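[1] predicted model follows, preceded by the sequence.
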Amino acid sequence: MHAPIDPGTGAKASRRRALGSHHVPDAAVPWLRRLARFWGAIGFLGWLFWRLRQGIPSAGEEGAWEASVELAFWFLAVIGYVLALEWEIVGATVMAMSGAGMALWVSQFNEPPFGLVILLLFFAPAAIYWTIWQRYKPLWSVATLGALLLVILVTGSVGAVRVYDNLLGPTHPSSSAERLPDSPVTWVWSGAVTSTSAEVRARIDGDPSRARLAVSTRVDFEDALYFDGVTASDDDQGLVVFSVDGLEPDTTYRYAVEVGGSLDMIRTGEFGTFGDGEWDFVLASASCVRTGSNAAVFDTMREIDPDLFVMYGDLHYGDVATNDRDRIRELYDGIHEQPGPAAFYRSVPWDYVWDDHDFGPNDADSTSDSRPAAQTVYREVVPHYELARDGQQPIHHAFTIGRARVIVTDTRSARSPKEDPDGPMKTMLGADQLHWFLEELAAADEVYPLIIWVNSVPWIAPADDGVDHWGGYDHERRLIADFIADRDIDGVLMLAGDAHMVAIDDGTNSDYSTDGSGAGFPVLQASALDRPGAEKGGPYSHGAFPGAGRFGIVEVHDAGDSLEITLSGRTWDGEELASLRYTIDADEEALAW
C-alpha cells in the first residue's frame with residue numbers, strides 16, 4: 001500500500017495547507033504517521049494481551065457473549081488501522097469509533113480509568129491522522145470532522161463513567177463515617193471468636209517483632225492484657241496476627257495495636273466473646289460488595305451491633321485470574337480504605353468464606369490460576385477459625401456459637417468446572433470436603449439443636465447443567481439431601497449469597513432428596529451489600545426481593561427447652577423486606593413451625 005499523497009509544494013500547496021486549522025511542517029508528517037501506526041499497534045497488542053490473560057470464555061459459558069462483543073470492537077479497530085494505511089481519515093474515524101464503543105463496553109465490568117485508557121489507546125492514533133489530514137482541507141470540513149471526533153471523545157469518556165456508575169458504582173448513599181488520619185496501623189479486624197478467645201489481624205507500618213495487642217474491657221486500656229504479634233506472611237512483613245486467649249465469656253472487649261512501644265488509639269477495635277451454653281445471639285450476614293464501596297449499609301449493620309458478621313463471598317470484585325499474591329493482598333487492603341466498611345470491620349468480629357470474584361475470575365472453580373495465591377493470602381490476612389485442612393486446600397471450617405454449630409463450606413476451591421461432562425462425578429465441594437461436611441452434619445445433629453450451614457451460592461434452583469449454582473451440581477445436591485433425610489437430621493438453617501437479593505424459604509422448596517420428603521430446611525438468601533439487584537434461583541416461600549444495600553439478620557433466643565429463631569432480610573435504610581420466625585425443640589431437635 002502507498003502512503004496518502006501530500007499536497008505537494010509551491011504556492012498552490014501553501015494555500016491548501018493554509019485552509020487547515022493548524023500548520024504541520026512537511027518534515028514532521030512521516031514521523032507523525034509512524035507514531036500513529038506504532039501507537040495503534042501498541043493498542044491492539046495491549047488489549048489482546050489483557051484479554052488473553054483474563055481468559056476468553058468458550059461458547060456457552062457465562063461471559064462468552066460479552067467477550068465476543070469486545071472482540072468485535074477490537075476487530076473493527078484493526079480494520080480501521082488497515083484502512084488508515086491507504087485512506088487515513090476513513091481508517092482514523094473507524095478506529096476512534098471502535099475505541100469509544102469498547103470503552104463503553106468494558107466500563108460495565110471495570111472502573112472508569114480502565115475504560116478511558118482503552119479509549120485513548122484507539123483514539124490517539126486517530127487524532128494524529130486527523131492532525132495530518134486537516135492541514136490541507138477547507139475549514140468547514142476540518143470543523144465537521146473535529147466536531148465528530150469531539151463527540152466521540154466526550155461520548156466515550158462521559159459514557160464510560162456513566163456506565164460504570166450505573167452498573168458498578170454506588171447503589172445507595174455513602175457512609176457517614178469519618179475518614180481517620182494516618183497512623184502506624186493501616187487496618188485491623190477480628191474473628192475466630194469463642195467464649196474465651198479471639199484472633200486479630202492487622203497491617204502495620206513498623207517492626208512486627210515489636211508489635212503487641214492491648215485487649216481491655218475499658219476504653220482507656222488501663223487494665224489491658226497484652227499479646228505479642230507474629231508475622232503472618234513470609235514475604236509481607238506488614239501483616240501481623242495476634243492470638244488472644246484467657247478472656248471471660250459474654251464480655252465486650254476493646255483492642256488496640258501497640259507499634260514500637262506506642263499504643264495506636266486511632267484505629268481501635270471491638271469484639272464480644274460468645275456466651276457458654278444457653279445464650280441468645282444475633283448474626284448479620286451478607287455477600288457481594290463492589291470494589292471500593294463506602295456504602296451506608298455498613299453504618300446500618302454497625303448500629304445493629306451483631307455478635308458476629310458472616311460474609312459469604314464476593315468481598316470485592318477483583319476477579320484476579322492469575323497466581324498473584326501481591327494483587328490479592330492489595331484487594332484485601334482495599335476493603336479497609338473506605339471509612340464506612342473499615343469502621344464496621346473494626347467493630348464486629350467476622351467469619352468469611354469467598355465466592356468467585358474474590359477467589360478468582362467470574363464463575364471461578366478449582367482450575368483457576370488464582371487458586372494458590374487465594375489460598376495463601378486468605379490464611380495470611382483473614383482472621384479465621386481453625387481450618388479443616390492445611391496448605392493449598394479449601395478453607396472449609398466449623399465453629400460453635402451458643403448452642404448452634406456453624407458449618408462453613410468452600411464452594412470454589414475444589415469444584416469441577418460447570419461445563420464438566422463427568423455427570424455424577426461433577427462436584428461443588430470435592431470428595432474430601434464433601435466427606436468432611438457430611439461427618440460434621442451427623443456429629444452436629446447429635447449435640448446441637450441448631451445447625452447453620454454457610455454456603456456461598458443459591459441452593460434452591462431447578463436442575464440445569466452448566467449453571468454456576470447448585471442447580472448445575474444437582475447430583476451432589478441430591479446426595480446431600482438424601483443424607484439429611486436418611487439420617488433424619490433436624491435443625492438445619494442455610495445462609496446463602498451470590499444472588500443479589502433478599503429471599504427466605506421456610507423449607508417448602510429446599511428438599512432435593514430422592515423421595516422429596518424429610519430434607520427441607522429454612523434458607524435465608526441475603527445480598528447484595530453494594531451491587532445492582534438480580535434474582536437467581538427459587539421459588540422461595542416468602543418471596544425474593546432483588547436489590548442493593550441488603551443484608552440478613554439471624555436472631556436466636558435460647559429458652560432452654562427450645563430455640564426461637566427469627567430470620568430477617570433488610571435494606572440499608574432499615575426496611576424489613578421479609579421475615580420468618582420458627583421454633584426448634586432443643587430436646588427432640590425437631591422443627592416446630
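    Ah, there it is.

[2] given the host helix or strand of residue 583, what are its sheet partners and their directions?
    Following DSSP states H and E, one finds residue 583 within strand 576-585. Strand 576-585 has the following sheet partners, assigned by DSSP bridges: strand 562-571 (antiparallel), strand 591-592 (antiparallel).

[3] tell me which other helices or strands the helix or strand encompassing residue 309 touches.
    According to DSSP H and E, residue 309 maps onto strand 308-312. If you count contacts as 3 or more C-beta pairs under 8 Å, 6 or more residues apart in numbering; DSSP states H and E, strand 308-312 packs onto strand 281-286, strand 350-353, strand 450-455, strand 492-496. (C-beta placed from N, C-alpha, C; glycine too.)

[4] the inter-axis angle of the helix or strand following the third one versus strand 450-455?
    Same thing as strand 450-455. The helix or strand immediately downstream of strand 450-455 is helix 474-486, counting by DSSP H and E. Orientation check (axes from the mean of the first three to the mean of the last three C-alpha atoms, to 10 degrees): helix 474-486 against strand 450-455 gives 180 degrees.

[5] show the average pLDDT along helix 474-486.
    Taken as a whole, helix 474-486 has a mean pLDDT of 96.

[6] for it, C-alpha coordinates in CSV please.
    Only the C-alpha atoms of helix 474-486 are listed here, as CSV (Å, rounded to 0.1, in the frame of the first residue of the first chain):
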residue,chain,number,x,y,z
ASP,A,474,-27.7,-31.5,41.1
HIS,A,475,-26.2,-35.0,41.6
GLU,A,476,-24.2,-33.8,44.6
ARG,A,477,-27.1,-31.7,45.9
ARG,A,478,-29.3,-34.7,45.9
LEU,A,479,-26.7,-36.8,47.6
ILE,A,480,-26.5,-34.2,50.5
ALA,A,481,-30.3,-34.0,50.7
ASP,A,482,-30.6,-37.8,50.8
PHE,A,483,-28.0,-37.9,53.7
ILE,A,484,-30.1,-35.3,55.6
ALA,A,485,-33.3,-37.3,55.0
ASP,A,486,-31.8,-40.7,55.8
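
[7] outline the domain layout of the chain.
    11-167, 185-588 (automatic domain parsing).

[8] picking up where we left off before, to residue 517, which of the strands paired with strand 576-585 lies closest?
    Closest approach to residue 517 among the strands paired with strand 576-585 (C-beta to C-beta): strand 591-592, 13.6 Å.

[9] that older thread, strand 492-496 and the strand holding residue 583, what's the angle between them?
    160 degrees.

[10] contact partners of strand 576-585?
    449-450, 490-491, 502-504, 506, 522, 524, 542-543, 545, 550, 561-571, 590-593 (C-beta atoms under 8 Å, 6 or more residues apart in numbering).

[11] so who does residue 218 touch?
    So residue 218 contacts 224, 254 (C-beta under 8 Å, 6+ apart).

[12] hang on, the earlier thing: between the strand holding residue 309 and strand 492-496, how many degrees?
    Using the same axes, to 10 degrees: strand 308-312 against strand 492-496 is 60 degrees.

[13] what sits up against strand 308-312?
    193, 281, 283-287, 301, 344, 348-353, 355, 401, 406, 408, 454-456, 495-497.

[14] which strands and helices sit next to the helix or strand that that strand is followed by?
    Next in sequence after strand 308-312, counting helices and strands by DSSP H and E, comes helix 325-334. Applying 3+ C-beta pairs under 8 Å, 6+ apart, one finds that helix 325-334 contacts helix 371-381.

[15] check which residues of the helix it packs on are buried.
    371, 373, 374, 375, 376, 377, 378, 379, 380, 381 (16 or more other C-beta atoms under 10 Å).

[16] now do stretch 460-473
    Quick answer for stretch 460-473 (16+ other C-beta under 10 Å): 460, 461, 467, 468, 469, 470, 471, 472, 473.

[17] phi, psi of the first one?
    Spelled out, it's residue 460. phi -80, psi 110 (degrees, to the nearest 10).

[18] list the contacts of residue 568.
    Residues in contact with residue 568 (C-beta under 8 Å, 6+ apart) are 552, 553, 554, 555, 576, 578, 579.

[19] how many neighbours does the last one have?
    Using other C-beta atoms under 10 Å as the criterion, residue 579 is surrounded by 15 other residues.

[20] returning to what we had before: could I get the helices and strands packed on strand 308-312 as a markdown table with mean neighbour count and distance to residue 238?
    Formatted as a markdown table, the helices and strands packed on strand 308-312 follow (neighbours: other C-beta atoms under 10 Å; distance: least, C-beta to C-beta, whole Å):
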| stretch | mean neighbour count | distance to residue 238 |
| --- | --- | --- |
| strand 281-286 | 23 | 28 |
| strand 350-353 | 24 | 20 |
| strand 450-455 | 25 | 29 |
| strand 492-496 | 24 | 32 |
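
[21] can you redo the ones you listed as CSV with mean pLDDT and distance to residue 511?
    Below are the helices and strands packed on strand 308-312 laid out as CSV (pLDDT from 0 to 100; distance: least, C-beta to C-beta, whole Å):
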stretch, mean pLDDT, distance to residue 511
strand 281-286, 98, 22
strand 350-353, 98, 24
strand 450-455, 98, 14
strand 492-496, 98, 11
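
[22] next, format those strands as JSON lines and append distance to residue 296.
    Output for the helices and strands packed on strand 308-312, formatted as JSON lines (distance: least, C-beta to C-beta, whole Å):
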{"stretch": "strand 281-286", "distance to residue 296": "14"}
{"stretch": "strand 350-353", "distance to residue 296": "20"}
{"stretch": "strand 450-455", "distance to residue 296": "25"}
{"stretch": "strand 492-496", "distance to residue 296": "23"}
